[in-house]
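Undergrad: Sequence first, predicted model second:
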Amino acid sequence: MTDNSGLELNNLTVKVKNAGNDEFYVLRNVSFLLKAPEVLGILGESGSGKSILAKEVCGLNSYPVKKISGDVSFDGKVLSMEKDYAGVRGKQIAMIFQHPTSALNPVITIGKQMTEILLHHKTVTDKKAAAELVASILEETGIDHSADRMLSYPHQLSGGMNQRVMIAMAISTQPRLMIADEPTTALDVITQEQIIKLLSDLGKKKDYATLFITHNISLMQKIADRVLVLYAGEMMEILTGKSLSAGKIKHPCTIALKECLPTLSHIGSSLPTIPGQIARNDERYDNRCVFYERCMYTQPRCKSEKPDFIDGVRCFYPL
Ligand SMILES: Nc1ncnc2c1ncn2[C@@H]1O[C@H](COP(=O)(O)OP(=O)(O)O)[C@@H](O)[C@H]1O
Ligand code: SF4
Ligand SMILES: [Mg+2]
């Protein structure tokens, strides 16, 4: 029997199509396979298409963002129509986003919000069993005195605690895939690291795959088994988290991102970024490397030909 479990993207291509001629690629031929319990990181600077990718996997993009070609499949089943997502989105595929407070209802206690999810998905059938399960899931995500915490409203908890509640909600449906889009960006550095550790430990313990999205290379190195580097909607490189940490990098874009890693000297100033503007990926890049304008290693060929993605890297002159 073939094992077709997991998430598979096959040449996924998505454009922003505004009225008139104004259109460009936000994802261009993105392909990968992700199986539990791996953590696949999506790394890229702001505007590189990370959130569009997360939303496309969940079927949540809408006009002017439109899929052009390719597909997303989950456990061997192509997800394309809204009906394909029934029983998948919010259950087998769980999501956590940057701002937990915007995803939590401010006027309902966290215990009640979680209980409703379990009853909705028929994980349990009566309220008492649901409440007991909620308490145990909250404990698993590091929330002590869970019976008391269940009576709290979101504004009574810290940002980090609310993100733990979001994670508890996400794992309560026993997902096969967790999508975490910049889940710690709004938190302080110490809390960020605790949340990252929790996500990574839970994924291995409960055996689900994780798609972890961030522009923060330092956090990425702490959590990802494998990292996909995205630039202007295109895959630049896939490498292991270990290679990224050790600087065993092949693509100039990944090098540039690594060199942007904030060091002590940057504390107090704004975060460093790759010099220049991210490319607007349109037909100009049909025959040109999309990283051309910002690459330190460019050669004449890069301007008149587009590199394919070969052996984990899209570059004519990998390092
Ligand atoms: N609803 C939208 N309408 C127009 N452009 C959009 C929309 N959503 C995203 N984009 C564009 O798509 C690109 C990728 O966005 P996004 O995936 O949010 O980037 P990231 O999450 O990597 O910062 C950006 O150029 C952004 O401006
Ligand atoms: S193909 Fe050329 S421009 Fe593109 S990343 Fe490689 S060296 Fe740089
Ligand atoms: Mg984003």
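TA: That came in fine, so what should we check first? Residues are numbered from 1 along each chain as shown. Ligands and ions are numbered 1, 2, ... in the order given.

Undergrad: ok, now which ones touch the residue nearest to the spatial centre of the chain?
TA: The structure's the chain has its C-alpha centroid closest to Ile213; by Cα atoms, centre = their mean the separation is 3.1 Å. Neighbouring residues of Ile213 by Cβ atoms under 8 Å, 6 or more residues apart in numbering: Gly41, Ile42, Lys50, Ser51, Leu53, Ala54, Ile179, Ala180, Asp181, Glu182. Every residue, glycine included, has its C-beta placed from N, CA and C.

Undergrad: mind giving me the domain split of this protein?
TA: Taking automatic domain parsing as the reference, the chain has its domains at 1-92+177-319, 100-172.

Undergrad: mind putting those in JSON lines, distance to ligand 3 included?
TA: Listed next are the domains of the chain as JSON lines, based on distance: least, Cβ to the ion, whole Å:
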{"stretch": "domain 1-92+177-319", "distance to ligand 3": "3"}
{"stretch": "domain 100-172", "distance to ligand 3": "14"}
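
Undergrad: Using a markdown table, lay out those together with mean pLDDT.
TA: Converted to a markdown table, the domains of the chain look like this (pLDDT from 0 to 100):
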| stretch | mean pLDDT |
| --- | --- |
| domain 1-92+177-319 | 92 |
| domain 100-172 | 91 |
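
Undergrad: Test my guess that Ser243 contacts Ile249.
TA: Yes - assessed by Cβ atoms under 8 Å, Ser243 is found in contact with Ile249 at 6.9 Å.

Undergrad: neighbour-wise, which of those two wins?
TA: A side-by-side neighbour count of Ser243 and Ile249, using other Cβ atoms under 10 Å, places Ile249 first with 20 against 17.

Undergrad: you'd agree the more buried one is in a helix?
TA: No - the assignment for Ile249, made by DSSP: H, G, I helix; E, B strand; the rest coil, is coil rather than a helix.

Undergrad: Identify the residues contacting it.
TA: Taking Cβ under 8 Å, 6+ apart, one finds Glu237, Leu239, Ser243, Ile255, Lys258, Leu319 in contact with Ile249.
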